[in-house]
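Asks: have a look; sequence and predicted model below, questions after that.
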Amino acid sequence: MLTFDKFKLKENPFRVVPAINSQELIWAGFSEIKGKFETRIKRSLQIPNSSIVLNWGDYGSGKTHAARYFCKDSVTEALANEVGAKKPLSMMINFPRSKKVIEEIYTQIMDKIDISYLRESIPEDANIADCIKNSTDSVFIQHVLDEVFTDRGRTVEQVKAFLYGTEYPKELVGVGITRKLSIETDAVDLLSALFNVMTEAKIYSAVILWIDEFEDIALQNSNGINSANSFIKIMLDKTPNHLLMFINFTLSAIASVESLGDYLQEAVKSRIVQRNELPYPDAAAMMNYISELMNNKIFRTEEVANPYTPFEAAVVNQVMTDLGSVSLRKYNEAFSRLLDSAAFDNQETIDMDYYTAHKGEIITSW
């Protein structure tokens, strides 16, 4: 087993895939793009208009990491505190590859809804019945929402089974739910109404939905593309307040930003309020990123004089020179391999001699 103790590190900090464990989700460097995300989120907590933000970059540019980071409770709570608002509900889903676009999006979102938390978090001064009535003009959806927010003795699992469309207990007729939930026809109406209740009742200040891997829309036929556009448009139309959608797409997978317009209809494009590019990082940005990453308390065991320890600064510069203009993931892969190699070889430091001797293993063309 590799040990990084001699490097004054708890583990290898260079991740080649985004962390799943929220405790390992940190942000290092790249303050400008981070600031853009933070400002847009804080605006969504204060200004009610629902909107879309596009984020694009090459594979490994940090889009998925950004989504997971800004879905972290401690991060969204901190941003909410800065503007004196309640925390938002922030969640990430992947764009569907199956042909059942709306059904898969609905299921991914419903998987992240904690019904017990919703019921426990209704403010004492909130009139949930009025919030439900104001959320939609569909009496059927109103009754479904009443079932979500009211504890009538059915378990959360039983309620979720109905919401997934897999069960329809006959006793629901007694509370006005006279048919089984149809994901195909009810999904968007239910989600939009649910989001409306969450924010009007002040359970959450806003709902933030990150749609990752949106480039997979190019794999859909015309029906799938229309379904995706319909979902986005109707969600924004029926959730006009405090819904913020971040759409992440990989630039090289769709060819260009302009090409994305072939898959987005005008009604959706007109709701885009911001476009963020995550470009290849330059040398100065990378040096700052590496320093902040390696010296984060999650990874560093003690303070060090050289912020790049165990790398000599000259090695860091040379690796970046040898890699050239590449994505952040490519840099992470190279430094991760170099650190693992040095740990395996029981090196105390990583100097130019060591790097030169192992350069062929570290700098790859794939």
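Replies: Yep, that arrived. Numbers count the residues shown, from 1 in each chain.
Asks: count the residues that sit near the spatially closest residue to residue 363 that is not a sequence neighbour.
Replies: In space, not counting the residues next to it along the chain, residue 363 is nearest to residue 322; the distance is 5.1 Å by C-beta to C-beta, 6 or more residues apart in numbering. (Each C-beta comes from the backbone N, C-alpha and C, glycine too.) The tally of other residues near residue 322 (other C-beta atoms under 10 Å) stands at 12.
Asks: where does the stretch 151-300 of the chain dip in pLDDT?
Replies: Residue ranges of the stretch 151-300 of the chain with pLDDT under 70: 252-259.
Asks: in this protein, which residue is closest to the centre?
Replies: residue 67 (2.4 Å; C-alpha atoms, centre = their mean).
Asks: tell me, how many residues neighbour the spatially closest residue to that residue that is not a sequence neighbour?
Replies: Excluding its sequence neighbours, the residue lying closest to residue 67 (C-beta to C-beta, 6+ apart) is residue 210, at 3.9 Å. Per other C-beta under 10 Å, the neighbour tally for residue 210 reads 24.
Asks: likewise the one 4 residues further on?
Replies: Other residues near residue 214 come to 25 when the count uses other C-beta under 10 Å.
Asks: let me see the contact set for residue 24.
Replies: 15, 298 (C-beta atoms under 8 Å, 6 or more residues apart in numbering).
Asks: need the per-residue pLDDT for it.
Replies: For residue 24, the pLDDT comes out at 77.
Asks: the residue nearest to the centre of the chain belongs to a helix, doesn't it?
Replies: Yes. Under DSSP: H, G, I helix; E, B strand; the rest coil, residue 67 falls within a helix.
Asks: that one and residue 245 touch, don't they?
Replies: No. Checked against C-beta atoms under 8 Å, the pair residue 67 and residue 245 is beyond contact range at 11.4 Å.
Asks: helices along the stretch 101-250 of the chain, start to end?
Replies: 101-111, 115-120, 128-135, 139-149, 156-163, 183-200, 222-238 (DSSP state H, counting those that start in this stretch).
Asks: residues touching the nearest residue to residue 248 once chain neighbours are set aside, list them.
Replies: Nearest residue to residue 248, sequence neighbours excluded (C-beta to C-beta, 6+ apart): residue 63, at 4.0 Å. Residues near residue 63 by C-beta under 8 Å, 6+ apart: 55-57, 212, 248-250, 278.
Asks: inside strands: which ones of the residues you listed?
Replies: Residues of the contacts of residue 63 located in strands (DSSP state E): 55-57, 212, 248-250, 278.
Asks: with distance to residue 335 added, can I get these in JSON lines?
Replies: Listed next are those as JSON lines, based on distance: C-beta to C-beta, whole Å:
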{"residue": "55", "distance to residue 335": "24"}
{"residue": "56", "distance to residue 335": "25"}
{"residue": "57", "distance to residue 335": "19"}
{"residue": "212", "distance to residue 335": "25"}
{"residue": "248", "distance to residue 335": "24"}
{"residue": "249", "distance to residue 335": "27"}
{"residue": "250", "distance to residue 335": "22"}
{"residue": "278", "distance to residue 335": "19"}
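Asks: ok so, going back, just the buried ones from the contacts of residue 63, in ChimeraX syntax?
Replies: Buried residues within these, by 16 or more other C-beta atoms under 10 Å, are selected in ChimeraX with:
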select :55,56,57,212,248,249,250,278
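Asks: give the contact list for residue 154.
Replies: Here residue 154 is in contact with 147, 169 (C-beta under 8 Å, 6+ apart).
Asks: again, only this time at 7 Å
Replies: The neighbourhood of residue 154, defined by C-beta atoms under 7 Å, 6 or more residues apart in numbering, contains no residues.
Asks: about what we covered before: of the contacts of residue 63, closest to residue 123?
Replies: residue 212 (31.8 Å; C-beta to C-beta).
Asks: beta partners of the closest one?
Replies: Per DSSP bridges, the residues bridged to residue 212 are residue 94.
Asks: on that earlier part again, give me the pLDDT value at the residue nearest to the centre of the chain.
Replies: 96.
Asks: ok, it touching residue 247?
Replies: No. Assessed by C-beta atoms under 7 Å, residue 67 is found out of contact with residue 247, at 10.2 Å.
Asks: give the burial count for the residue lying closest to residue 11 once chain neighbours are set aside, as a bare number.
Replies: Counting by C-beta to C-beta, 6+ apart, residue 4 is the residue found nearest to residue 11 once chain neighbours are left out, at 5.9 Å. Per other C-beta under 10 Å, the neighbour tally for residue 4 reads 18.
Asks: who touches residue 4 in this structure?
Replies: 10-12, 343.
Asks: same question for residue 341.
Replies: 358, 361.
Asks: what's the helix or strand for it?
Replies: Taking DSSP states H and E as the criterion, residue 341 maps to helix 328-344.
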